[in-house]
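[1] Can you look at this prediction? I've put the sequence above it.
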Amino acid sequence: MMQMIPCEIEGPLIIEPDVFGDERGFFMESWSAAKFASAGLNPNFVQDNHSRSQKGVLRGMHFQNPGPQGKLVRVVSGAVFDVAVDLRRSSPGFGKWTGVELSAENKRMFWVPQGFAHGFLTLEDDTDFLYKCDASYAPGNEHSLAWDDPEVAIDWPTEGLTVQLSAKDREGLPLKSIKAFA
Ligand SMILES: Cc1cn([C@H]2C[C@H](O)[C@@H](COP(=O)(O)OP(=O)(O)O[C@H]3O[C@@H](C)C(=O)[C@@H](O)[C@H]3O)O2)c(=O)[nH]c1=O
């Protein structure tokens with residue numbers, strides 16, 4: 001059975017698929033509407049994305065408001081430390097983060113619901129990151145929460161890495177200044 005493992009914060013899920021190995025290689029279901037529905041989730045995915053990053057690249061912490069996106073994310077080559085930050089003011093988890101290592105080897109996936117900021121740090125060169133989104137890209141509604149905001153205090157595994165950010169992500173705002181959700 002595909003395992004759906006809850007996190008300390010209500011909402012995000014770590015997903016461990018069944019991996020069927022044989023002499024040819026392996027097979028796994030990387031998305032199942034039926035299995036998500038049995039966990040009470042019915043995302044209507046409208047966009048798939050693929051990015052490649054070198055070791056030490058940090059993309060995040062991104063969200064759209066309005067137009068929030070739920071994201072089902074995974075890694076097919078390399079490894080990342082993937083993080084979600086709860087931006088729902090009404091949530092007991094507001095401002096808290098949860099993280100998981102996703103790799104081509106462990107084949108774990110991560111469900112990041114609407115209302116969260118999302119980002120990842122690449123731990124290996126040529127890391128291919130794939131994800132499904134339940135709302136379309138809306139560049140005018142994009143925001144970056146600062147990856148290193150001391151109030152959120154994400155414990156990134158940066159030892160031995162030179163963190164590389166986009167110009168946009170270098171301008172990320174602290175939690176106290178961002179456009180959070182109700
Ligand atoms: C996200 C996105 C970007 N783009 C374009 C805009 C830009 O020219 C180029 C690179 O965009 P960015 O720098 O925003 O890419 P990136 O920093 O990889 O942004 C992504 O980061 C991760 C953490 C997420 O969670 C995603 O939702 C998304 O925000 O791709 C699209 O055409 N469609 C999209 O959906």
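    Received the coordinates, thanks.

[2] Any idea what residue 48 is bridged to?
    Taking DSSP bridges as the rule, residue 48 bridges to residue 132.

[3] just residue 74 next, same as before
    Taking DSSP bridges as the rule, residue 74 bridges to residue 109, residue 130.

[4] any idea how far the residue of the chain most remote from its centre lies from residue 64?
    No residue in the chain sits farther from the centre than residue 23, which is 32.1 Å out by C-alpha atoms, centre = their mean. Per C-beta to C-beta, to the nearest Å, residue 23 is found 44 Å from residue 64. In this view, the C-beta of every residue, glycine as well, is placed from N, C-alpha and C.

[5] repeat for residue 99
    Residue 99 is 21 Å from residue 64, where distance means C-beta to C-beta.

[6] Give the buried residues for stretch 1-15.
    For stretch 1-15, the neighbour count (16 or more other C-beta atoms under 10 Å) marks 2, 4, 7, 9, 11, 12, 13, 14, 15 as buried.

[7] out of these, who's nearest the ligand?
    The ligand has its nearest neighbour among the buried residues of stretch 1-15 in residue 12, at 12.9 Å by C-beta to the nearest ligand atom.

[8] Return the residues in contact with that closest one.
    Residue 12 sits next to 6, 84, 98, 110, 111, 112, 113, 116 when contact means C-beta atoms under 8 Å, 6 or more residues apart in numbering.
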